[in-house]
Structures are given as structure tokens and as C-alpha cells.
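*Asks:* need a structure here:
(2 chains)
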Amino acid sequence: NAGVTQTPKFQVLKTGQSMTLQCAQDMNHNSMYWYRQDPGMGLRLIYYSASEGTTDKGEVPNGYNVSRLNKREFSLRLESAAPSQTSVYFCASSTGTIEETQYFGPGTRLLVL
Amino acid sequence: QKEVEQNSGPLSVPEGAIASLNCTYSDRGSQSFFWYRQYSGKSPELIMSIYSNGDKEDGRFTAQLNKASQYVSLLIRDSQPSDSATYLCAVNRDSNYQLIWGAGTKLIIKP
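*Replies:* Residues are numbered from 1 along each chain as shown, chains lettered A, B, ... in the order given. Presented below is the predicted three-dimensional model:
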């Protein structure tokens, strides 16, 4: 039981390049989330998927797209990376109930030059 | 005003003492409250959750919730150096089940 996994762990991009961050969970959770964490800013929600087949924008969606491939997998795509997207990206999942305990993956450190 | 506010710290506490971490929130309709611990370079992990007014104890950790005053706190008794981390407060939005996060309080336990 791996919980939430993310790939890659670290990536360096040049401005304008694209990439996809992958996330998978094996806890049979309904809801999945993508956050970014910047120093002093806390976690900010980029996109979330309340259930398979649905996705919604969070607080900071500009410059990102997501795909809920199936119940297990939720990917985040940067179409044209910008230095402002340098951050640590976390994927999380939860049962989707009001208790809303979220379980996090190990994170992806992204540097955009 | 931020929706969830925490003192950024660092909060320095001697080993063996009680560490007290505080969090205030603005959404009066919030129903679920969480404390996560995050070690440097690692992902957040759940420490405590609390849903009703009062205290909830789990080992050395006690969460306290006061909905009238809109604050939630975390007490760590018998603090250990391994408790040194950033503690994140998270509160659900009333309008949906998304969590709103505070920026975190950095706690340092001095041996």
C-alpha cells in the first residue's frame, strides 16, 4: 500500500517548456487535489477533482491544466512553464467526506529557469 | 484578512515544556479543523482533526476548538526535539469541502 505517489521528484525546465506531473493513489479515494507550496504562502489549491470524471479550479489555476485519468490517477500539466511556477507541488487525496482528511504525496520540486 | 491565520514563528520551546500553537479562521460556517505537521523537505502529515467545540486529546497532542471565537489551537506536551517542524492549520470551506490552509508556524524544540 503505497498511499499517494508522485513523479518526478525533481525537475528543471526552461521557460516555455511543457511537462506533466503524475499522481496516483491506491486508497480508493474519491477526491484528489493539486497544491503548490511557496515559502511563507502555505498550500494553495491549483485544481481538484471531487470524483472521477470531474475537475474544478482552485485558488491559482492559471497556467495549469489537469486530467483525472481514472479513479487512481490525477495529472497536472504545465503547457508553457514560467519562472513564477517554480515551486513545490503536492498531490493529495481524500475520501471526499466532510471530515476531509487529506493524504499527501512526497511532492515534486520544480525549477523553471 | 487571510482566511486562516497563524503566527509564522519561529516558536522556540525548551525540551519537555508545553508548546502552544494557535490558528484563527474567518469562515463561520467551517466545520472541520486539522493540524498537519511538515518536516523540512517533506510532505504534510495529519496530526489531529477536530470537529466540535472543546478539547480532543491524542497522546501528547491536544487540539482545542472554539467556534464562537473562531480559533483552534494545538498543544504539545513534553515537547521533544523530534517535534521540531512546521505546523499547518487547515479549515474546510463552508461552501464546499475544500481545505483552506494557514501559512504554518515553525516550531523549534531546544534540547
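*Asks:* who in chain B is up against chain A?
*Replies:* With CB under 8 Å from any CB of the partner chain as the criterion, chain B comes near chain A at residues B:4, B:8, B:31-32, B:34, B:42-46, B:49, B:51, B:88, B:90, B:92, B:97-99, B:101-104. Quick note: C-beta positions are derived from backbone N, CA and C, even for glycine.
*Asks:* Mark which of those residues are part of helices, please.
*Replies:* Per DSSP state H, helices hold no members of the residues of chain B next to chain A.
*Asks:* Least confident secondary structure element in chain B?
*Replies:* The weakest-scoring helix or strand in chain B, judged by mean pLDDT, DSSP states H and E, is strand B:99-101 (a mean of 89).
*Asks:* for it, packing partners?
*Replies:* Packing contacts for strand B:99-101, counted by 3 or more CB pairs under 8 Å, 6 or more residues apart in numbering or on different chains; DSSP states H and E, involve strand A:42-49, strand B:85-92.
*Asks:* next structured bit after it?
*Replies:* Remark: after strand B:99-101, the chain's next helix or strand is strand B:105-110, criterion DSSP states H and E.
*Asks:* Pull that following strand out as PDB, backbone CA atoms only.
*Replies:* C-alpha atoms of strand B:105-110 as PDB (Å, rounded to 0.1, in the frame of the first residue of the first chain):
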ATOM      1  CA  THR B 105       4.100  28.000  12.400                       C
ATOM      2  CA  LYS B 106       7.700  26.900  12.600                       C
ATOM      3  CA  LEU B 107       8.300  25.200  16.000                       C
ATOM      4  CA  ILE B 108      11.800  24.600  17.400                       C
ATOM      5  CA  ILE B 109      12.300  22.400  20.400                       C
ATOM      6  CA  LYS B 110      15.600  23.200  22.100                       C
END
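*Asks:* Extract the residue ranges of the chain that are flagged as low pLDDT.
*Replies:* As the question left the chain open, I've gone with chain A. Within chain A, the segments meeting pLDDT under 70 span A:1, A:98-99.
*Asks:* not quite, I wanted chain B
*Replies:* B:1, B:94-97.
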